[in-house]
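S.K.: sequence? don't have it. structure:
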């Protein structure tokens, strides 16, 4: 069974500092990988996705993530945090193909940005 | 990106009544839709997967008769919480995916906050 692990349920950074949110997956076959952001009482918005093309993926709002097969990781980074980045972030994985498409989510990381 | 609209965004109902939540794909045909439940400060829990025109597939532990899912068209799926009780209070989120290998991600609705009193 596939699983997604997000290290750190809560990450706190200062405004302007580097943001690093960690995600590891467990799968014998590299899955599709996604990062979503959720603001309070809202649904999920896709930040970026890895679908076996380029290993360094750039997303919206200045976020990027690098797929590292040897480390089974897909960490999310942003060079300079902004107050508006404060939200819950979810890493998710899925395998291609099949009649259904299920996302396996990590438990989420709450990012707080301090002024 | 594609847009998924979920309605209502919040609802309060009395214990014992039923509540229907709609999930619509506005600019694409959603062959598969997913319903999730999210408890406070927790991740999303998949409740069921529905394919247009067929019965939904429920995850283990999810009561089929409690959470009725209908996916009658390629743009609409509904979740009905029957005989709701306070423990059904939660945040419910739908997502939708179009057919075809080019569609690798699912798009999410904005969620519905259900409070049963």
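M.R.: That came in fine, so what should we check first? Everything numeric here is computed off the predicted structure, so don't read it as measured data. Numbers count the residues shown, from 1 in each chain, chains lettered A, B, ... in the order given.

S.K.: what's near enough to touch residue 50?
M.R.: I'll assume chain A. Counting by C-beta atoms under 8 Å, 6 or more residues apart in numbering or on different chains, residue A:50 touches A:32-34, A:57, A:65, A:67, A:74. All C-beta atoms are positioned from the backbone trio N, CA, C, and that covers glycine.

S.K.: Not quite, go with chain B.
M.R.: Residues in contact with residue B:50 (C-beta under 8 Å, 6+ apart) are B:32-35, B:56-57, B:69-71, B:77.

S.K.: what pLDDT, on average, does the strand or helix carrying it get?
M.R.: Taking DSSP states H and E as the definition, residue B:50 sits inside strand B:44-51. Summarised as a single mean, pLDDT over strand B:44-51 is 91.

S.K.: Just give me the neighbour total for the closest residue to residue A:111 other than its chain neighbours.
M.R.: With sequence-adjacent residues excluded and distances taken as C-beta to C-beta, 6 or more residues apart in numbering or on different chains, residue A:111 is closest to residue A:11, at 5.3 Å. For residue A:11, the neighbour count with other C-beta atoms under 10 Å in any protein chain shown is 18.

S.K.: Assign residue A:11 to one of the three secondary structure states.
M.R.: strand (DSSP: H, G, I helix; E, B strand; the rest coil).

S.K.: if I look at the residue nearest to residue B:3 when sequence neighbours are not counted, how far off is chain A?
M.R.: In space, and not counting its chain neighbours, residue B:3 is closest to residue B:26: 4.3 Å by C-beta to C-beta, 6+ apart. Distance, residue B:26 to chain A, using C-beta to the nearest C-beta, to the nearest Å: 14 Å.

S.K.: contacting residues for the nearest residue to residue A:62 once chain neighbours are set aside?
M.R.: Distances taken as C-beta to C-beta, 6+ apart put residue A:78 closest to residue A:62, at 5.2 Å, once the chain neighbours are dropped. Counting by C-beta under 8 Å, 6+ apart, residue A:78 touches A:18-19, A:61-64, A:85.

S.K.: any idea how far residue A:78 is from residue A:111?
M.R.: Distance, residue A:78 to residue A:111, by C-beta to C-beta, to the nearest Å: 9 Å.

S.K.: Check residue A:69 too.
M.R.: Per C-beta to C-beta, residue A:69 is found 26 Å from residue A:111.

S.K.: Show me which of those two is the more surrounded one.
M.R.: Higher neighbour count among residue A:69 and residue A:111: residue A:111, with 21 against 9, using other C-beta under 10 Å.

S.K.: shouldn't that one be in contact with residue A:84?
M.R.: No - here residue A:111 does not reach residue A:84: they are 10.8 Å apart, not a contact under C-beta atoms under 8 Å.
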